[in-house]
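S.K.: Okay, predicted coordinates and the sequence, questions at the end:
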Amino acid sequence: MALSVNLNKIALIRNSRDTTNPDIIQHAQMCIDAGADGITVHPRPDQRHIRAQDCVDLAGVLTVEFNIEGNPMSGPRRSERAGVGDYPGFMALVRELRPAQCTLVPDGDGQLTSDHGFDLKRDGDTVAPLVEELRGLGIRTSLFMDPDPEQIRLAAQTGTDRIELYTESYAAAYRSGENLDAVFTQFRRAAEVAAEEGLGLNAGHDLDLHNLPHFAADIPGLLEVSIGHALTVDAIRMGLAATIAAYRRALGK
Ligand SMILES: CC(=O)[C@@H](O)[C@H](O)COP(=O)(O)O
Ligand SMILES: NCC(=O)COP(=O)(O)O
C-alpha cells in the first residue's frame, strides 16, 4: 500500500511570504528520502497553495509517483500576485505534465477544501471522455468518490482505473466515536464494490495517525492513501522523517 504525501500545506506556508522557503522540491525530496512512495498536489485556480509552476518543477525531478488532483473543469485564471505565473487550467496542466496519476475531484473553484465526491448520475457523460483522454496519454486515472456503491458502479462505467474514497466521514466518526461501526461498514462495502467492478482503490482526506491504522488494516484492496494536512502538522511536532516513518508503520509497511 502506497503512502503519497500531499504538499499543499507546505506550499501554503511558503505563500504566506514572498519567499521560496520552504522549498517545495527540497521538501518533496526529504519526503522521498524518508520513505514516501509518492507525491500528491492539488493545484487550485487561485493558486492559494500549490502553484502551476510547482507542478512543472516537481514533474521535472520526482523519482516517485506524481499524483495531480483537481477539478477537470477548472479553467485558466490570471495570477493576482506579482511574480506568480497564471494558472493554465487543470486539464492543460495535466496534459503538459502527464503525471503517473491524475485524480479528478469535483471541487468548486472557491471551496475551502475538498468536501464531496462526484455525482456521476449528473456528470458521468462529462467525466468519461476526460478519463478516456487521460488514459490515452498514459496517465492512470482516479475519481474522487463518496463511499456510495451506486456511484462507484457508475465510476466503473467511465473507464477509470481507480477511485479515491473521500474519507472525511470516516475521520469524523473516528473522532466523535459516533456511528463508527456503521460508517466503517459503509467504507468496507464501498471497497468491496470497487473490487467487484475491477477498480483500483485509493483513499484520502483527513486521514491521520489515529484513524489510519484501522482503515489500512481492514479496508480490502487499498492501494494508496494520500495524506497532507495531518501529516504536515505531525511533522511540525515530530519532525518530517519521524512522521513519515510513523505513517508507514500505520500502514503496516
Ligand atoms: C482531494 C482531497 O481530499 C485533498 O487531496 C485535497 O487536496 C485537499 O485540498 P486542500 O489541501 O486545498 O484542503
Ligand atoms: N487526496 C487526499 C489528499 O491528497 C490529502 O488530503 P488531506 O490529508 O490534506 O486531508
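M.R.: Everything's here; your move. Ligands and ions are numbered 1, 2, ... in the order given.
S.K.: average pLDDT for stretch 76-90?
M.R.: If you average the pLDDT over stretch 76-90, you get 98.
S.K.: May I have that stretch exported as PDB, CA atoms only?
M.R.: Output in PDB follows, covering the C-alpha atoms of stretch 76-90 (Å, rounded to 0.1, in the frame of the first residue of the first chain):
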ATOM      1  CA  PRO A  76      -7.300  29.300 -16.800                       C
ATOM      2  CA  ARG A  77      -7.000  32.100 -14.300                       C
ATOM      3  CA  ARG A  78      -4.800  35.100 -14.300                       C
ATOM      4  CA  SER A  79      -2.500  35.300 -11.300                       C
ATOM      5  CA  GLU A  80      -3.300  38.200  -8.900                       C
ATOM      6  CA  ARG A  81       0.200  38.000  -7.300                       C
ATOM      7  CA  ALA A  82       3.300  39.700  -8.700                       C
ATOM      8  CA  GLY A  83       5.900  37.100  -9.600                       C
ATOM      9  CA  VAL A  84       3.500  34.200  -9.800                       C
ATOM     10  CA  GLY A  85       2.500  32.900 -13.200                       C
ATOM     11  CA  ASP A  86      -1.000  32.500 -14.400                       C
ATOM     12  CA  TYR A  87      -2.900  29.200 -13.800                       C
ATOM     13  CA  PRO A  88      -3.300  27.400 -17.100                       C
ATOM     14  CA  GLY A  89      -6.300  25.400 -16.300                       C
ATOM     15  CA  PHE A  90      -6.300  21.900 -14.700                       C
END
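S.K.: what does that stretch rub up against?
M.R.: The contact list for stretch 76-90, computed with C-beta atoms under 8 Å, 6 or more residues apart in numbering, reads 18, 43, 45-47, 51-53, 70-75, 92-93, 96, 109. In this view, the C-beta of every residue, glycine as well, is placed from N, C-alpha and C.
S.K.: Narrow those to those in helices?
M.R.: 52-53, 92-93, 96 (DSSP state H).
S.K.: Which residue, other than its chain neighbours, is closest to Ala246?
M.R.: Distance criterion C-beta to C-beta, 6 or more residues apart in numbering; nearest residue to Ala246, sequence neighbours excluded, is Leu209 at 5.8 Å.
S.K.: which bits of the stretch 101-250 of the chain sit near ligand 2?
M.R.: With C-beta under 6 Å from any ligand atom as the criterion, the stretch 101-250 of the chain meets ligand 2 at residues 164, 204-207, 226-230.
S.K.: In the chain, what residue lies closest to ligand 2?
M.R.: Gly204 (2.7 Å; C-beta to the nearest ligand atom).
S.K.: which residue sits closest to that residue in space, ignoring its chain neighbours?
M.R.: Ser226 (4.1 Å).
S.K.: So which bits of the strand or helix carrying that neighbour are buried?
M.R.: With secondary structure defined by DSSP states H and E, Ser226 is part of strand 222-227. Of all the residues in strand 222-227, those buried under the rule 16 or more other C-beta atoms under 10 Å are 222, 224-227.
S.K.: And those residues, which is closest to ligand 1?
M.R.: Checking the buried residues of strand 222-227 one by one against ligand 1 (C-beta to the nearest ligand atom), the nearest turns out to be Ser226, at 5.8 Å.
S.K.: Verify the contact between that closest one and Met1 for me.
M.R.: No: using C-beta atoms under 8 Å, Ser226 is not in contact with Met1, being 11.6 Å away.
S.K.: Need the three-state assignment for His210.
M.R.: coil (DSSP: H, G, I helix; E, B strand; the rest coil).
S.K.: who wins for most neighbours among the ones in helices among the contacts of stretch 76-90?
M.R.: Ala52 (24 neighbours; other C-beta atoms under 10 Å).
S.K.: ok, it to Asn71 distance?
M.R.: 14 Å (C-beta to C-beta, to the nearest Å).
S.K.: go on, Arg249?
M.R.: Separation of Arg249 from Asn71 (C-beta to C-beta): 33 Å.
S.K.: tell me what the host helix or strand of His214 is packed against?
M.R.: Using DSSP H and E, His214 maps to helix 212-218. Applying 3 or more C-beta pairs under 8 Å, 6 or more residues apart in numbering; DSSP states H and E, one finds that helix 212-218 contacts helix 180-196, strand 222-227, helix 240-250.
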